[in-house]
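Undergrad: need a 3D model of the sequence below.
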Amino acid sequence: LARWGDEVVFSAFGMFSERRAYKGASAGAGFVRGLEGVEPIITGLSQPHSLKPWGADLLLADSETRSIALFDRQGRQKRRKVLDGYTRGIAIGRAVLVGSVRLDVTHYFIEAHQIEAEIERVRRGRDAVIEELQRLQAELPHGAPQELDALLDVHLMLLQDDSLKAGIKHWITERLYNAEWALTTQLEIISRQFDEMEDQYLRERKADLEQVVERILRYMKGVACVVSSPLGQPRKNQQDLLLDDTMDVPLILVAHDLSPADMLQFKKSVFAGFVTDVGGKTSHTAIVARSMDIPAVVGARAASQLVR
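TA: So this is what the prediction gives:
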């Protein structure tokens, strides 16, 4: 359902009396109609949903054709964009950029007497992340996607990985790297091992390790969670984006990546959707976004550098 001008409209995959199932049977049968109307306003769709007014026009997603389209009041298609992936939901808002703390790590050598203190800094950061993830896991809401629990287990396992812990200790003890430098150096080494794996799914697990390290660094630097709300005021209507004002409007988070823990907090934030530089169809970020019905674009490469 959506309010389009003065009318409430709805979308359907087809007439139930004609089509009792929709998978593989809805091509061209979908439509948009006024709640009080008899004749469809827009026809020839397949699996239309997520209606969003945009000025005088209407945006909608079509899952079967993996596209989003813009229609005018006469039902004429003005634009269509086919996407490389499943189309589920539309979010419109102003961009909020969140940089990766891994891009702002200071490198310096420590003194020998500082070794234990640096190792302890990493340990405290890691333990804080473990505690947070365990708490989030214990507080998973009823009906949360099953994938979330499994993904949090993966991150907890990575946090306690011996090669990560031993490598960090080596760089601090043998090379006298500061804690952040040691952490990111070991990340680079293990990441190269993931890159050499032939299986695409295993290669993409490198992103999980990067998310874990990012979270440790945020705790060490005292930086807030990626999806922490920058604004505490109510959202305005989508239509307000067309107005030249500075009032609060729905927000789109643009980041290098998001972790499963970030996704859990996403529904409680002011963000309507997100865009990430990295990720793919099988990435945990994409899987969880689909499960939680969060509008998202993953794998947008340099979005965090290009979007302003």
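
Undergrad: list the contacts of I115.
TA: I172, T173, L176 (CB atoms under 8 Å, 6 or more residues apart in numbering). C-betas here are computed from N, CA, C, even on glycine.

Undergrad: make that F194, sorry
TA: L202, R203, R205, K206, L209.

Undergrad: neighbours of the residue nearest to E39 when sequence neighbours are not counted, how many?
TA: Leaving aside its sequence neighbours, E39 sits nearest to R33 (CB to CB, 6 or more residues apart in numbering; 7.3 Å). Neighbours of R33 under the rule other CB atoms under 10 Å: 17.

Undergrad: again with the one 10 residues further on
TA: Per other CB under 10 Å, the neighbour tally for T43 reads 13.

Undergrad: ok now the helix or strand where it lies, how far from the chain's centre?
TA: Secondary structure from DSSP states H and E places T43 in strand 42-45. Its chain's C-alpha centre and that of strand 42-45 lie 30 Å apart, by CA atoms, centre = their mean, to the nearest Å.

Undergrad: one more: stretch 59-77?
TA: Here the centre of stretch 59-77 is set off from its chain's centre by 23 Å, with CA atoms, centre = their mean.

Undergrad: this protein: helices as residue ranges?
TA: Assigned by DSSP state H, the chain shows helices spanning 115-138, 146-159, 162-175, 179-195, 200-203, 206-221, 260-266, 284-291, 303-306.

Undergrad: how far does the third one sit from its chain's centre?
TA: From the chain centre to the centre of helix 162-175 is a distance of 31 Å (CA atoms, centre = their mean).

Undergrad: pLDDT averaged over it - what is it?
TA: Helix 162-175 shows a mean pLDDT of 97.

Undergrad: give me the angle between that helix and helix 206-221.
TA: Angle of helix 162-175 versus helix 206-221, following axes from the mean of the first three to the mean of the last three CA atoms, to 10 degrees, is 50 degrees.

Undergrad: identify each buried residue in helix 162-175, please.
TA: L164, K165, G167, I168, K169, W171, I172 (16 or more other CB atoms under 10 Å).

Undergrad: what of the second one?
TA: For helix 146-159, the buried set under the neighbour-count rule, 16+ other CB under 10 Å, comprises E147, L148, L151, L152, V154, H155, L158, L159.

Undergrad: now tabulate these in JSON lines and tack on pLDDT.
TA: Below are the buried residues of helix 146-159 laid out as JSON lines (pLDDT from 0 to 100):
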{"residue": "E147", "pLDDT": "81"}
{"residue": "L148", "pLDDT": "86"}
{"residue": "L151", "pLDDT": "89"}
{"residue": "L152", "pLDDT": "92"}
{"residue": "V154", "pLDDT": "91"}
{"residue": "H155", "pLDDT": "94"}
{"residue": "L158", "pLDDT": "93"}
{"residue": "L159", "pLDDT": "95"}
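
Undergrad: good, we can wrap up now.
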